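In: Sequence below, structure please.
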Amino acid sequence: MNNKNFFTIIIFLGILVFLGYLFYNVLIFILLAIVFASVGSPIMKLLQKIKINNKPCSTSLAAAITLFGLVALIFSGFYILVPLVIKEIEVITSIDTKLYTEALENWLFQADFFLHKNGFLTKGDHLSDILIVQMKSFFGSISISGIIGNMISFASALVILLFSVIFLSFFALKDKEFFFKMVRNAIPNSFRENYDRILAQTRTQVGRYFSGLFIDNIIVGVAVGVACYFANVPNALLIGVLIGVLNTIPYVGPLIALGLSLVFSITSLLPYNPSASELSMLFWKITIIFSVVKGLDTFLLTPVIFGKSMKIHPVEIFIIILLAGYLGGITAMIFAVPAYSMIRIVVKEFFGNYYAEI
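Out: Below you'll find the predicted structure:
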């Protein structure tokens, strides 16, 4: 590769990265549409085999039916889960806090005694006073108008997201090469063969990643749900679905699922006035189940499903996800591994002769 081509590739890749960063949201919409199209592709093929008046089903009709089915499936999941969540919220709001005032005061007294004894609090200071000051400061900083504004912004963003993904998914289902053709047409002729090879390898790698992620989430969700059911943990179904869905977010997702599971399970027992030992036992049941299943997932399933298929070392994956979370938050963490895999493929294609192995 001569210097001219080398710098041309560097500049072109730099422009692509800059545009991707600049239009980050649009890129996410397109990626979601491509995922939808990949998931719906088998259904599309099946529908196109069906004949109406001795004519095969049109691509547009097959895409519309497929998209409707996928959206209906997603909303069915929400239809099942939302009532469970609402029920738990109603339970939480109906709890008589007076029943637990004495227990809370006793806990604060014991905590005060421990903190004073070990020198964490000076004489005259009390944990309850510190908590009250912090709570006043927290609630004082809350702006109702700001909350309403954020809710409106969130609702608007959600509507735009749904419309954009559905619209783009329809055309991606009609022509699964649509987005890739757009990119190919924007690439100089001299690099189109490189692009075709990169695309072929990226499709294989990304397909493996999302297939593996889907299988991994199902295994983890079912394992946690079944274990909670046999351990007599309340809301076992909801807990299993929570960990199955939130496991998509690397490292942070399972912790969020654990916190929500503890809240939903413990609050469901509060109306029955449980003893401290019962609450403690429930806490440890959920924590141990999550720790065991997630430990097996991290040290057994993840290396097998992702390490071998993606050919990326677990430590490498961990560092990439951390960097993505720091730069782009949760969304970036979800797409970090496939994006990194694609970058590796691009570097190998254009600069492979500079490296012994990539």
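In: going forward, measure contacts between C-alpha atoms and count neighbours the same way
Out: OK.
In: So G253 versus A332, what's the distance?
Out: Separation of G253 from A332 (C-alpha to C-alpha, to the nearest Å): 13 Å.
In: which of those two has more neighbours?
Out: A332 (20 against 17; other C-alpha atoms under 10 Å).
In: Which secondary structure element is home to that one?
Out: Using DSSP states H and E, A332 sits in helix 314-351.
In: Flag every buried residue along that helix.
Out: Across helix 314-351, burial judged by 16 or more other C-alpha atoms under 10 Å covers 317, 320-322, 324-325, 330, 332-342, 345-346, 348, 350.
In: which strands and helices sit next to it?
Out: Helix 314-351 sits against helix 192-230, with contacts defined as 3 or more C-alpha pairs under 8 Å, 6 or more residues apart in numbering; DSSP states H and E.
In: quick check: angle from the helix it packs on to helix 314-351?
Out: Orientation check (axes from the mean of the first three to the mean of the last three C-alpha atoms, to 10 degrees): helix 192-230 against helix 314-351 gives 160 degrees.
In: Can you list the buried residues in helix 192-230?
Out: Buried residues in helix 192-230 (16+ other C-alpha under 10 Å): 195, 198-199, 201-202, 205-210, 212-213, 216-229.
In: distance between it and the chain's centre?
Out: Chain-centre distance of helix 192-230: 13 Å, with C-alpha atoms, centre = their mean, to the nearest Å.
In: what's the answer for stretch 255-267, then?
Out: On C-alpha atoms, centre = their mean, the centre of stretch 255-267 falls 17 Å from that of its chain.
In: can you check stretch 115-123 too?
Out: With C-alpha atoms, centre = their mean, you get 42 Å for stretch 115-123.
In: my read is N232 is in a strand, agree?
Out: No - going by DSSP: H, G, I helix; E, B strand; the rest coil, the assignment for N232 is coil, not a strand.
In: so how many other residues sit close to it?
Out: When neighbours are counted by other C-alpha under 10 Å, N232 registers 12.
In: Contacts only, for it.
Out: Listed by C-alpha atoms under 8 Å, 6 or more residues apart in numbering, N232 has no contact partners.
In: how much space between it and I80?
Out: With distances taken as C-alpha to C-alpha, N232 is found 21 Å from I80.
In: cool, and I152?
Out: 25 Å.
In: ditto for L269
Out: 22 Å.
In: Check I330 too.
Out: Applying C-alpha to C-alpha, the value for I330 to I80 is 25 Å.
In: what does R344 give?
Out: According to C-alpha to C-alpha, R344 stands 41 Å off from I80.
In: coming back round to it: between L269 and I80, tell me which one has more neighbours.
Out: Taking other C-alpha under 10 Å, L269 and I80 do not tie; L269 has more neighbours (17 against 11).
In: name the element the more buried one belongs to?
Out: Here L269 is assigned to helix 252-269, by DSSP H and E.
In: That helix - contacts with which helices or strands?
Out: When contacts are defined as 3+ C-alpha pairs under 8 Å, 6+ apart, helix 252-269 packs onto helix 59-93, helix 236-246, helix 276-296.
In: Find the one among the ones you listed with the highest mean neighbour count.
Out: Among these, ranked by average contacts under mean count of other C-alpha atoms under 10 Å, first place goes to helix 236-246 (a mean of 22).
In: just the angle between it and helix 192-230, please?
Out: 160 degrees.
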